[in-house]
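*Asks:* after the sequence you'll find the predicted model.
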Amino acid sequence: MNQIVKHSLLTGLAILPISTFCESTEKPQNPNIILIFMDDLGYGDLSCYGATQYKTPNLDKMASQGVRFTSFLSAQAVCSASRAGIMTGCYPNRIGISGALMPDAKIGLNPSEETIAEILKKSNYKTAAIGKWHLGYQREFLPLQQGFDEYLGLPYSNDMWPVDYDGKPATENSNKARYPALPLIDGNEKIREIKTLDDQSELTTLYTERAVRFIGSNKKNPFFLYLAHSMPHVPLAVSAKFKGKSQQGMYGDVMMEIDWSVGEIMKALEQNGLEKNTLVIFTSDNGPWLNFGNHAGSTGGLREGKGTSFEGGQRVPCLMKWPGHIQEGTICNKLASTIDILPTLAAITYSPLPEKKIDGVNILPLLLGDENANPRESFLYYYRKNSLEAIRKGDWKLVFAHPGRTYIGYKPGFDGFPGGTNENYPHEEGLYDLRRDPGERYDVKEYYPEVVAELKKLSDEAREDLGDDIQKIEGKNRREPGKVL
């Protein structure tokens, strides 16, 4: 047995209730796994994380019945990269994925990389991907070629379509005119085009209904469901059943519908007798796209947002519920990331880890309530093609001098139209104590030179491994993405 898996399982057995394992000496039944992945959902966008003017009762209930993470980071603060990270357990730059892939991109997630779905298939799981994919539009990169048995959704972001911000067809002089019609794909084939905001308003319900059907049709075998909502990425759209229901306008309405979707998933588990043997994970790909103003979410006071290596860009909500294993109502303040989900699921399901090097660590001890466990000690904040912009160890975060996005000082947009940003603002080097200063406002590097030295030593090791475009270092252990001719 893989030694990492063996160690984690022994740790888990020591923590789980005795009754769980006294009845049988056989391997426990593998749980069903549901991973709900949001798009541009901010750290402050759920009631249980401080959201106001709308309620998320189903997600709040999930938090009360499981664990709520307070220091959970996305793999990178942008669409395709973050999805590559969660699917493979790797820093996205290790596997050649950066930014947000355009519809005409000639690359995608390399089929030689092993996804969560491919890992779980080895343990006889049925697998489905529903919603946004964004890891390559060409057939060889789509979910059915990456370990999934079925797929329904959009191949990339819902704003990559020939429609302007006002919801009208793009004119010739619009930058939206270059996009093809937005395809809805079932399996490997386009089944319709999403042409209007009314069409987009169907997506959350469409995805949810397909997910509920998948649960019902696979109740007799273990399954992995990856439900990646297109919302609340702009353009926002909501069904009639939630339109105008919140006190926060369209964004609040969308959040209420997302919460409804989670409730439908939980109801389906209960109706099929699967609730007690299902691990449900809810998190986001990155922070909010702040320049969209009232159509963007909240960082909950964290600095900056999507597209930055500050906490507002990468710290996201994360809830996990697994009855009988995760103690109800717990809060985990330990550092963890979306790249840790794959090795954790491998440990839980007795599945082998990928053959190629990954960067995620097994956080099962955190799920099981081991207060002494600290599986992830550090994290690398890479952005753009391959720029190391910050590094964290424990509560210390060192931000390197780098050109990057800022929203500060720019008037946000309104009702679906974007406001301004500076994409090449010269951020200065700074050391931040995230325990006292999660908003990264106060640089304390002059008081803690030994911490700066330690973090710079770790960063030198990271650059040797993964490279750094700012310092023109290639990195020894990066892999190529999949490519089409």
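*Replies:* Structure's in. What do you need?

*Asks:* now Phe417. Its backbone dihedrals?
*Replies:* For Phe417, the backbone dihedrals (degrees, to the nearest 10) come out as phi -100, psi 140.

*Asks:* now it. Nearest residue, chain neighbours left out?
*Replies:* In this structure, Phe417 finds its nearest non-sequential neighbour in Tyr165, 4.7 Å apart by CB to CB, 6 or more residues apart in numbering. For glycine as for every other residue, the C-beta is placed from the backbone atoms N, C-alpha and C.

*Asks:* right, and the one you found touches Gly419 too?
*Replies:* No. Under the criterion of CB atoms under 8 Å, Tyr165 is not in contact with Gly419, lying 11.4 Å apart.

*Asks:* when these two are compared, which one has more neighbours?
*Replies:* For Tyr165 and Gly419, the more surrounded residue by other CB atoms under 10 Å is Tyr165, and the numbers stand at 18 against 15.

*Asks:* how close does the more buried one get to Asn362?
*Replies:* In this view, Tyr165 and Asn362 are 43 Å apart by CB to CB, to the nearest Å.

*Asks:* now Phe214: how far from Ser261?
*Replies:* When distance is defined by CB to CB, Phe214 is 14 Å away from Ser261.

*Asks:* tell me the buried residues in stretch 417-431?
*Replies:* 418, 421, 425, 427, 430-431 (16 or more other CB atoms under 10 Å).

*Asks:* repeat for stretch 34-42
*Replies:* Across stretch 34-42, burial judged by 16+ other CB under 10 Å covers 34-42.

*Asks:* list just the nearest of the residues you listed to Gln200.
*Replies:* Asp39 (12.5 Å; CB to CB).

*Asks:* tell me the secondary structure at the residue nearest to Phe417.
*Replies:* coil (DSSP: H, G, I helix; E, B strand; the rest coil).

*Asks:* pop out the phi and psi values for it.
*Replies:* When read as degrees, to the nearest 10, the backbone of Tyr165 gives phi -60, psi -20.

*Asks:* just the strands in the stretch 101-250 of the chain please.
*Replies:* Counting by DSSP state E, counting those that start in this stretch, the stretch 101-250 of the chain has strands at residues 107-108, 126-131, 150-153, 182-186, 189-194, 223-228.

*Asks:* to Arg384, which of those strands lies closest?
*Replies:* Nearest to Arg384, of all those, is strand 107-108, at 15.7 Å by CB to CB.

*Asks:* mind giving me the packing neighbours of the closest one?
*Replies:* With contacts taken as 3 or more CB pairs under 8 Å, 6 or more residues apart in numbering; DSSP states H and E, strand 107-108 sits against strand 482-483.

*Asks:* quick one: strands adjacent to the strand it packs on?
*Replies:* Strand 482-483 has these partner strands in its sheet, going by DSSP bridges: strand 107-108 (antiparallel).

*Asks:* before we move on, the earlier item: can you list the strands of the stretch 101-250 of the chain in CSV and add distance to Cys79?
*Replies:* Listed next are the strands of the stretch 101-250 of the chain as CSV, based on distance: least, CB to CB, whole Å:
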stretch, distance to Cys79
strand 107-108, 13
strand 126-131, 12
strand 150-153, 14
strand 182-186, 15
strand 189-194, 17
strand 223-228, 10
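
*Asks:* now those strands as JSON lines including distance to Thr208 and mean neighbour count?
*Replies:* Converted to JSON lines, these look like this (distance: least, CB to CB, whole Å; neighbours: other CB atoms under 10 Å):
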{"stretch": "strand 107-108", "distance to Thr208": "26", "mean neighbour count": "24"}
{"stretch": "strand 126-131", "distance to Thr208": "9", "mean neighbour count": "25"}
{"stretch": "strand 150-153", "distance to Thr208": "11", "mean neighbour count": "22"}
{"stretch": "strand 182-186", "distance to Thr208": "15", "mean neighbour count": "18"}
{"stretch": "strand 189-194", "distance to Thr208": "16", "mean neighbour count": "13"}
{"stretch": "strand 223-228", "distance to Thr208": "8", "mean neighbour count": "25"}
